[in-house]
Each structure stands twice: as structure tokens, then as C-alpha cells.
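Participant: Need coordinates for the following:
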Amino acid sequence: MENRQAPDKSPVKLDPRGRKVKILATTGPASNSPEMLRRLFRAGVDAFRVNMSHGEHAQHAKTIAAIRKLEKEFHRPIAIFCDLQGPKLRVGKFKDGKAVIRHSGHFTLDRKEEPGDETRVCLPHPELFGLMEKGQRLLINDGKIRLRVIEASDDAILCSAEVGGVISDRKGVNVPDAEIPIPALTAKDRKDLAFAVEQGADWIGLSFVQRPEDLAEARRLMGGYGALCAKIEKPMAVRRLDEIIELSDGIMVARGDLGVELDPEDVPPLQKTIVNKTRTAGKPVIVATQMLESMIESPSPTRAEVSDVANAVYDGADAVMLSAETAAGEWPEEAVTIMHRIATKVENDPDYMGRVRFLDTPPDPTTADALSHACMTIADTVKIGAVTVFTGSGSTARRVARERPSVPMLVLTPSMRTARRLALLWGAHAVATKDIGSFEEMIAKGKRMALRHGFGEAGSKLIALAGVPFGTPGSTNLLHIVTLSGNELEKHRG
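Facilitator: Now for the predicted structure:
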């Protein structure tokens, strides 16, 4: 895809985004050039998603390298989210490449390798035979074809077509009514995961999670690198949502397949449930799929899409995601710009904080949680420029974000890996910097970084949150309020 403008080469240093919700954009043919990646970042992208379902490793490596160059140019950590394909079920091939299944007619899925026709096709997934039961559903091609099982054996599944239509080679199959005994990682996924770890991906997206145990193998193969995001797109995952949230580092509401396997009216309340449960656990939650779908072809979204994005922001989601809009659409930069504008407008609504805090997130009975909660109440009582959080692992930042304070959070960490992961955390502006060794150094660095990154002016107050002894994980026990003086501001400008 050709750019409509000359590449922007100006070495501009970005100020804070001015919003707390993050934007995750998918890379692809429309956006993986260094010039377009730079445009998208300038337009408001905080993290980039690399979809391992499409493309080759060589191209993905170039994309990742270009993103890392942007980090150096703008001195801002950017999260890279590698999304694994997962165990996608598909039908076999047809004699003529496609066939027509009659409405209310019979259609059989079997284990025969011959090309299919209007009466049958091969289903190359032996684990489904003997598993399916009478009355269960099989949804083909994103639910465009709906089959109901009449009878099933070890060799064939006879179905009635509740909704018929054209079926073609290798179309996807969804099984919403049964837990399928297949691993969450395919051979391709293992290769892609090894590549992602090698490339230093900050987040790994695990697709088609059904049970908590599905996360175990991914954890083992990650070897401690990156954070694991469980994508909720199966009804079976919803049934064990609490356990999956507990074992993951973050959650994605993947509304594509979730909307296929559930009735459409079930998805909005379920989205709110997933967001609320993940927020209560203090972990990032991403709302994804079809957010600005019409902008794949149109330079402006529908009003319904604008409302959809706005509702996710009002619900307090940590991030909203663009899929094909930026990966393959004709207007990738415009899609990011519109999403940034929607989020900024919502967060400037006087009722925004009240809506976000409609969810009660009482602090756990720990010192760190009590201090994080105190940050929120202090910011509501005293005019505060920012909460400055000193953290090594990012845990303290997540605790503060869980409370949804009314002011932004400046996160100072000695770990670039931590800073990158936090690019998907609500309200966090992360900076990788040298660790502190004393109280005096903490105060001085907090003031200096706040001024450098646009979080204060003369007379501004900052909350500093840290742990003593410094550099000790899990020791958050110190909250201090500081005031920026005019002298410090002049010294910074000088």
C-alpha cells in the first residue's frame, strides 16, 4: 500500500499521550513499513500486535526491528504483542473448491480423505469424532453456516443444516458446546512462540484458551520471558474465567470467535464481566475485534463503532485494539487518530472517573495495596500532577492502576522489559532509568523526570511511591508528597 504523504522524518520528542487507556494496533501489509509504523506511533499507538497467523518470520523480524528503532528515536518503551494462531479447526477440501449446503438438509462431516460435495466433507480432526453429541452445534465460516448434530460416531458426524449456504475449502469450524481435548499450542504455535521469545516479545497472546491448564505449556516454553495474555474467545473459557485470570498476566476480550460461539446479545454483558473481573484482579484487560471495522475501507467510522470504543473506555479497559483496520485497511493512520480522539474525549468527560470507578476495587490487606489506594484518595483531595511510582517488576504500578487514580502515573523502573510491558497498563507512562539508592535520590529523580516528561510545573505536587530498602522486590512501603519549585523548573529549562 502506497503512502498518501511523504514520510515524516522530524525528530520530535513526544509528550505524554494525554489519555490513560492504551491503543494496541495490529501490524500487517498496510502498516509494517518503518514509515507507516512511525506514523501510527505518532498518531497514538502505545503497543503493536504481531499476528502470527499471517506472514513469515522474516517479515515479522523486520517489523519488530523497526519498532525497536522507534523506541530509541522517541525514548519511549513500546510493547510488542505476539499473538499465536492457536488450534484452529477447519474442514477439508471440496471437488470444485466449494459446495452448497441446503437449508434444513443433511450434511455429514467424516474422516474420509476424498474431496467433499454438497452432502459431506472431511473433518481432519479425529479428536472431534466420538466427542460430539446429539443436539450440539457446529459453526462453519464464522457462523455463517450452522449445523446441529443428529448423531455422531467414531467415523462420522451427521448434522442438520439450521442455516445452509456456500461452504468452501478449509473454512474454520467452531464447536461452542463441547470442550475439545486438544492442546492450546500447535506445532506452528511452538515455533512461533520460540521466535517471539528470541525476538524479545513483551507479551504473548494465547488463542482459544479453554481451561487454566492451557496456560502451563506456554509458560514453560516462554522460560520467564514476556507476559502471557489469555484470549477469551471460547464459552468453555468463560466458565473457568476466574482461574484463567489468576494464572495469566493479562486478558484479551477477543470478540471475534466469542461472538461466533455465543448469541450476539450475550457478548456485551460478558465483555463487561470479563473487564470487571480482570480489573479487580489488578491485571491489564484489552478489548479487541471489530472496534472500527468499517475503517478498513472507509476514512471515517460508523456512529455505532465510535460508541463501542467509547463504552470500552468508560468501562475502564486498559487498552483497545485495532485489527484489520491497521493491518490491512486503507486508512491505518486515520483509524489510530480516530481511536485516540474518541478515548481523549471520553476521558475529558466530567463523569468519566465516576463511571470508571463504578466498579469497586477494594484494596487487599497489604501495605502496598493500602498505599496504592491512598494515592487515589490523595489525588482526589489535593491537586496532584502525577503519581510517581518506582518499581522493578511493575507490580506497584499495577496496584496503583487498579485503583484508577484521577491523575497519570509516571513509572520509573531500571528494567526496560518492565517498562515495555507497562505500555499496555492503564494510565502508565513508563520510563526506563537507573535505579535509586536513597530517599534523597528518589525525590530528586522523581522531580527531574516529572519535569522532563511533562508531568509538572512550578507549584505542582507529586506523589512518590516506592519501597525501602530500595531495589528490593515487593517492599512497597513509602508514600511521600513533594512540590516542584520554580527554581527546579528554571534549572530544568536551562
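
Participant: Can you tell me the SS state at the spatially most central residue of the chain?
Facilitator: Taking Cα atoms, centre = their mean as the criterion, I286 is the residue nearest the geometric centre of the chain, at 4.0 Å. Three-state call for I286 (DSSP: H, G, I helix; E, B strand; the rest coil): strand.

Participant: what's across from it in the sheet?
Facilitator: As for beta bridges, I286 partners with M252, A319 under DSSP bridges.

Participant: which residues of the stretch 251-400 of the chain fall in strands?
Facilitator: Applying DSSP state E, counting those that start in this stretch to the stretch 251-400 of the chain gives strands spanning 285-288, 319-322, 384-390.

Participant: need the contact list for the residue lying closest to G427 once chain neighbours are set aside.
Facilitator: Distance criterion Cβ to Cβ, 6 or more residues apart in numbering; nearest residue to G427, sequence neighbours excluded, is K20 at 4.0 Å. C-beta here means a position set from N, CA and C on the backbone, and glycine is covered the same way. By Cβ atoms under 8 Å, 6 or more residues apart in numbering, K20 lies in contact with E347, P408, W426, G427.

Participant: ok, S393 - how many residues close by?
Facilitator: Number of residues near S393 (other Cβ atoms under 10 Å) recorded here: 14.

Participant: Okay, the residue nearest to it when sequence neighbours are not counted and I157: tell me how far apart.
Facilitator: Spatial nearest neighbour of S393, excluding adjacent residues (Cβ to Cβ, 6+ apart): P473 at 5.6 Å. Plainly put, P473 is 52 Å away from I157 if you go by Cβ to Cβ, to the nearest Å.

Participant: same check, this time on A430
Facilitator: Separation of A430 from I157 (Cβ to Cβ): 50 Å.

Participant: ditto for D318
Facilitator: 41 Å.

Participant: same deal with L479?
Facilitator: Distance of L479 to I157, computed by Cβ to Cβ: 61 Å.

Participant: buried ones in stretch 445-452?
Facilitator: Buried residues in stretch 445-452, counted by 16 or more other Cβ atoms under 10 Å: K445, G446, K447, M449, A450, L451.

Participant: Name all residues that make contact with I463.
Facilitator: By Cβ under 8 Å, 6+ apart, the contact set of I463 is C375, I378, A379, I384, A386, V387, T388, L479, H480, I481.

Participant: what sits against the closest residue to the first one other than its chain neighbours?
Facilitator: Think C375. Closest residue in space to C375, ignoring its immediate chain neighbours: V387 at 4.9 Å, by Cβ to Cβ, 6+ apart. Counting by Cβ under 8 Å, 6+ apart, V387 touches C375, A379, V400, P405, V407, P408, M409, L410, L462, I463, L465.

Participant: give me the number of residues near the second one?
Facilitator: By that I understand A379. Residues contacting A379 under the criterion other Cβ under 10 Å number 21.

Participant: same question, the fifth one
Facilitator: Using other Cβ under 10 Å, V407 has 21 neighbouring residues.

Participant: Can you classify it by secondary structure?
Facilitator: Put simply, V407 is coil when judged by three-state DSSP.

Participant: hey, which helix or strand in the chain has the poorest pLDDT?
Facilitator: When each helix and strand of the chain is scored by mean pLDDT, DSSP states H and E, helix 486-493 comes last, with a mean of 58.

Participant: per-domain residue ranges of this protein.
Facilitator: The chain breaks down into these domains under automatic domain parsing: 22-86+184-350, 89-174, 367-493.

Participant: for the stretch 351-494 of the chain, what spans make up the helices?
Facilitator: Taking DSSP state H, counting those that start in this stretch to define them, one finds helices in the stretch 351-494 of the chain at 352-356, 367-381, 395-402, 416-421, 439-452, 486-493.

Participant: Just say which of the ones you listed is most tucked in.
Facilitator: Mean neighbours per residue, mean count of other Cβ atoms under 10 Å, is largest over the helices of the stretch 351-494 of the chain for helix 395-402, with a mean of 25.

Participant: which strands and helices sit next to that one?
Facilitator: Helices and strands touching helix 395-402, by 3 or more Cβ pairs under 8 Å, 6 or more residues apart in numbering; DSSP states H and E, are helix 367-381, strand 384-390, strand 409-413, strand 428-432, strand 461-467, strand 476-483.

Participant: For I78, find the nearest of those.
Facilitator: Closest approach to I78 among the helices and strands packed on helix 395-402 (Cβ to Cβ): strand 428-432, 10.1 Å.

Participant: Given the closest one, what are its sheet partners and their directions?
Facilitator: According to DSSP bridges, strand 428-432 forms sheet pairs with strand 409-413 (parallel).

Participant: Just the CA coordinates for the partner strand, please, in PDB.
Facilitator: Provided in PDB are the C-alpha atoms of strand 409-413 (Å, rounded to 0.1, in the frame of the first residue of the first chain):
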ATOM      1  CA  MET A 409       1.200   7.600  36.600                       C
ATOM      2  CA  LEU A 410       4.800   8.200  35.900                       C
ATOM      3  CA  VAL A 411       6.500   4.800  36.300                       C
ATOM      4  CA  LEU A 412      10.300   4.800  36.800                       C
ATOM      5  CA  THR A 413      12.000   1.400  36.500                       C
END
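
Participant: So, low pLDDT: which residues of the protein?
Facilitator: When residues are selected by pLDDT under 70, those of the chain lie in 1-15, 486-494.

Participant: Distance from the longest helix along the chain to the middle of the chain?
Facilitator: Longest among the helix segments of the chain by residue count, using DSSP state H, is helix 57-74. How far helix 57-74 lies from its chain's middle: 19 Å, per Cα atoms, centre = their mean, to the nearest Å.

Participant: ok, residues contacting it?
Facilitator: Around helix 57-74, the neighbours that count as contacts under Cβ under 8 Å, 6+ apart are 11, 13-14, 27, 32-34, 37-38, 41, 48, 50, 52, 77-78, 80, 82, 192, 195, 199-201.

Participant: try it again with 6 Å
Facilitator: Residues outside helix 57-74 that contact it (Cβ atoms under 6 Å, 6 or more residues apart in numbering): L14, T27, N32, P34, L37, F41, F48, V50, I78, I80, F195, Q199.

Participant: Select, from those, the two members most distant in space.
Facilitator: Spatial extent of those (Cβ to Cβ) is set by the pair L14 and F195 at 29.5 Å.

Participant: for the helices and strands packed on helix 395-402, which one sits closest to D169?
Facilitator: strand 428-432 (45.3 Å).

Participant: ok so, going back, next up, the contacts around the residue nearest to the centre of the chain.
Facilitator: Going by Cβ under 6 Å, 6+ apart, I286 touches M252, A319, M321.

Participant: same deal with A178?
Facilitator: A178 sits next to L131, Q136 when contact means Cβ under 6 Å, 6+ apart.

Participant: can I assume it sits in a helix?
Facilitator: No - per three-state DSSP, A178 lies outside any helix segment and is coil.

Participant: how much space is there between it and H125?
Facilitator: For A178 relative to H125 (Cβ to Cβ), the value is 12 Å.

Participant: do the same with L70
Facilitator: 41 Å.

Participant: try N348
Facilitator: In this view, N348 and H125 are 50 Å apart by Cβ to Cβ.

Participant: out of the two, which sits in the more crowded spot?
Facilitator: Higher neighbour count among N348 and H125: H125, with 19 against 10, using other Cβ under 10 Å.
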